[in-house]
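Peer 1: have a look at this prediction, sequence included:
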Amino acid sequence: MKTASFFEYTGPGRISIARFPPRGTPTGFRVCRALAPGAWFHSVDEDEYRRRYAEQLAALDLRRAWDDLHTLAGAAEPVLLCWERKADLAAGRVFCHRRIVARWFADALGEPVDER
């Protein structure tokens with residue numbers, strides 16, 4: 001499994017974990033609503049966002065979420081998508097929930113989830 005930005009990856013296995021995709025996103029991606037942040041995502045600061053998102057993830061069955069993502073991707077490797085660009089993440093300019101999901105899987109399952 002990998003993570004990426006909608007703007008930087010258009011290949012196979014795309015799965016949106018965003019509340020909605022950017023306009024003009026090429027079709028062919030799947031959607032995992034369980035990993036999309038709640039409606040609160042733009043109305044809270046980063047600390048509160050992290051707290052609420054951690055609660056959201058804790059309510060999920062981790063192994064089932066992992067398996068469901070692989071099912072959604074079909075024969076391809078799952079690539080979890082949201083809006084933030086890789087360069088902005090690397091520079092520390094933005095906060096990104098897809099990296100929280102990646103860490104969740106890595107910590108709990110020992111499965112590395114790298115940025116594409």
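Peer 2: Sure, I can see it. Residues are numbered from 1 along each chain as shown.

Peer 1: pull the number of nearby residues for Glu77.
Peer 2: When neighbours are defined as other CB atoms under 10 Å, Glu77 has 12 of them. In short, each C-beta sits where N, CA and C put it, glycine included.

Peer 1: so it sits against Gly11, correct?
Peer 2: No. Applying CB atoms under 8 Å as the test, Glu77 and Gly11 come out as separate, 9.3 Å apart.

Peer 1: closest to the centroid, which residue in this protein?
Peer 2: Centroid-nearest residue in the chain: Arg98, 3.4 Å away (criterion: CA atoms, centre = their mean).

Peer 1: check which helix or strand covers Thr3.
Peer 2: Using DSSP states H and E, Thr3 falls within strand 2-5.

Peer 1: ok, Gly74 - how many residues close by?
Peer 2: Residues near Gly74, counting by other CB under 10 Å: 10.

Peer 1: I meant Ser16, not that one.
Peer 2: Residues contacting Ser16 under the criterion other CB under 10 Å number 22.

Peer 1: who's in contact with it?
Peer 2: Phe6, Phe29, Arg30, Val31, Cys32, Ala36, Leu81, Cys82 (CB atoms under 8 Å, 6 or more residues apart in numbering).
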